[in-house]
Every structure is written in C-alpha cells, then in structure tokens.
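K.L.:
okay, structure incoming, though there's no sequence with it:
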C-alpha cells in the first residue's frame, strides 16, 4: 500500500509527531510505503514558539501542499491531519472525494471550534461547518477521543474509529532509583508548549500554599523562560531527546485545564507521558482526563484550588502512594495507550480504508 501522509507539522509539532510520525517505522515494517509532506515546516513552528509569524513559511507551505495534491493519484490512500488548508473552505477535500481519492481525516483536538466559535461572525458563517464537510467526505475519520468522535458522527461521517494518542512504552520508561530517594526534594512537573503554559499559571496560588507547608520544586518543561518569572516555577527547555528524562525527574505530573469546548477535545497526551514513566498524576476532570485518571489506577482529579491542594499534598507526603499509583499507571498505559498496542490496529484501519477503493 502506498500512503501519502499530509501532516500538519514536521517533527517539532507535537500533534503530528505523536499522531503519525512515531508510527512510520511500524508502517514500513508492515509493508506500507509512506511519503510525508507536512504543511508547516519546523522553521514556521520555531518562529511561532518565539511569538512570531513566519508568513513566508506559511505561503511556501500552502504552495507545497497544492503541488503535492496534483500527484495524489499515485497513492492508495491519503491521510489528512485535520484539514488540507487552514482558514480556507473545504474545496480541496470535496475535489478529492469527487475524483475518487480516498482519504482518512485524523483529529486529536477540537479543530472545528476554531471556526464555529471564532470571534469573527464572518469566519463562523464561512467556515463554521468546514470540518464537518471534511469529516463527511472522508473514508474514515480517526478521532483521538469520544468528544471528537461525537462531532464526526454529527457531521455524517460514514466510518469513525477512535484511536487514542499513544507513547512508545519502550522509550517512556520509569525513573531510576536515584530519582526516587526519600531524601530528594519532590518535584511537581508539567510538560507542554509555550501556547499552553497559561493553563499552569492557574495553579500558582496552590503552589505557593504548598511551598509554605513543605519543601518542593515546581517545574514547567517547554514553557517560555519568562512565562513564570517571579514565581516558584522553574522553566526547563523542551527537546525531543530530553523530554523523557525530564519527566523521569517528576514525582507528580499535573494537567490543569478549564472546562470549555476546546479543552474537552484534548487527548490527555501529557498524562499518558507521565503515566508511562510511572509518575502519578493530578488533573482537571475535563474531557478524556476522566477516562485516564482514577485513585485506583493513576492519581486524582481536582476541580478547584482546594482539591488541587489536597491531592498534591496527599501524593507529595506519601512516597508509597506515589510508587503504587505509578506502577499501576504505567501498566494501564502499556495495555491501552501504547504504540505497541495501537500500531497494529491503526495499520489495519488504514489498509481497510484503502482496500475499499481501487488499488495501484
């Protein structure tokens, strides 16, 4: 099978990296030939994370994608991450469907709310149902959680498969003995991007309260250096090669989120990362988080400052509880949210989508 992957980003884009790029070796081992053409380059993302817009890179990305689409007839199946052209109507997706080009549309966030809840009435009018059109014409919609699958069902998608965001359980391993010593100052950690570090700022009053009661460190991996200036939060740089070792330094991992439509579409990736490394978690009860977190398995859900304070203190004061929850959390991820578990299933979904059409 010849597969064209039209990813949103290159290797620096977390969504593209974890939804498909980490599967490439598995695909090729199964005899699937894959060509990857990202829309936005790493240079575009580097500028974005630095607070700038690389308009030239954006234009080049759109032109590159248009040229790529002229050769889609060489492939058995096209995988589209989210959409072909952001902030343009779904004309290209309609053309693909009419030409008999089968495509899979993949979603790991509530992209549709970028349009149907946009502050501009014009954008809402022009593009409010754009993603529904993409979903409706797809051979398969692959959704990262039930919230996204429900939207695909509402849009009239002919086939919907829920494939969670996963980690390579062989790469994400538990921390070593030296980081679990009872003499260490415990670390409460968060990992993410500069665009999402605002969620963590909501916990600063809780962190200050904890610091008054015990010795503890708070770490944000991937935030901008100035995002937590004047607070007790240490900012560590993110790199793909160091993200696992950074998480292995955590004693508790956190994922605060507001309960709003966009956040309900998130796939809980950072929780899965923490848990795979044997780190217990505390998270807001939003979206898929309620499926990932429980006191019997992985940690606690916290709805307000009081619950955040109690949950974090409970874990920080009990290394035994952290160890027990960490072990069960890793087992849970290994069974249901690992690359090893989901890769064969995703390959089968893609094969069946291609086989329903014509073969090259």
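P.N.:
Cool, the structure landed. Fair warning: this is a prediction, and the values are worked out from it, not measured in the lab.

K.L.:
from residue 246, how far off is residue 238?
P.N.:
8 Å (Cβ to Cβ, to the nearest Å). (C-beta placed from N, C-alpha, C; glycine too.)

K.L.:
shared neighbours, these two?
P.N.:
191, 221 (Cβ atoms under 8 Å, 6 or more residues apart in numbering).

K.L.:
would you map the helices across the stretch 101-250 of the chain?
P.N.:
112-116, 121-127, 130-137, 146-155, 198-201, 204-213, 243-247 (DSSP state H, counting those that start in this stretch).

K.L.:
can you give the domain ranges for this protein?
P.N.:
Annotated domains of the chain cover 2-166+339-355, 177-336 [automatic domain parsing].

K.L.:
now mean pLDDT and mean neighbour count too, for the ones you listed, in TSV please.
P.N.:
Below are these laid out as TSV (pLDDT from 0 to 100; neighbours: other Cβ atoms under 10 Å):
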stretch	mean pLDDT	mean neighbour count
domain 2-166+339-355	95	18
domain 177-336	94	18
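
K.L.:
which stretches of this structure form strands?
P.N.:
Remark: strands assigned in the chain by DSSP state E are 2-6, 33-36, 77-81, 103-107, 140-143, 160-162, 187-191, 217-221, 233-236, 252-255, 281-283, 299-301.

K.L.:
relative to strand 77-81, how tilted is the fourth one?
P.N.:
The directions of strand 103-107 and strand 77-81 differ by 20 degrees, with axes from the mean of the first three to the mean of the last three Cα atoms, to 10 degrees as the criterion.

K.L.:
so residue 288 touches residue 148, yeah?
P.N.:
No: contact criterion Cβ atoms under 8 Å: residue 288 and residue 148 do not qualify, at 9.5 Å.

K.L.:
pipe the helices of the stretch 101-250 of the chain into TSV and attach distance to residue 14 per row.
P.N.:
Listed next are the helices of the stretch 101-250 of the chain as TSV, based on distance: least, Cβ to Cβ, whole Å:
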stretch	distance to residue 14
helix 112-116	17
helix 121-127	24
helix 130-137	20
helix 146-155	17
helix 198-201	15
helix 204-213	24
helix 243-247	10
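
K.L.:
so which of these comes closest to residue 219?
P.N.:
For residue 219, the closest of the helices of the stretch 101-250 of the chain is helix 243-247, at 7.8 Å, according to Cβ to Cβ.

K.L.:
for the closest one, packing partners?
P.N.:
Where contact means 3 or more Cβ pairs under 8 Å, 6 or more residues apart in numbering; DSSP states H and E, helix 243-247 is packed against strand 187-191, strand 217-221, helix 269-276.

K.L.:
what is the first one packed up against?
P.N.:
If you count contacts as 3+ Cβ pairs under 8 Å, 6+ apart, strand 187-191 packs onto strand 217-221, helix 243-247, strand 252-255, helix 269-276.

K.L.:
rerun at 10 Å
P.N.:
helix 204-213, strand 217-221, strand 233-236, helix 243-247, strand 252-255, helix 269-276, helix 305-316 (3 or more Cβ pairs under 10 Å, 6 or more residues apart in numbering; DSSP states H and E).

K.L.:
done for today, thanks.
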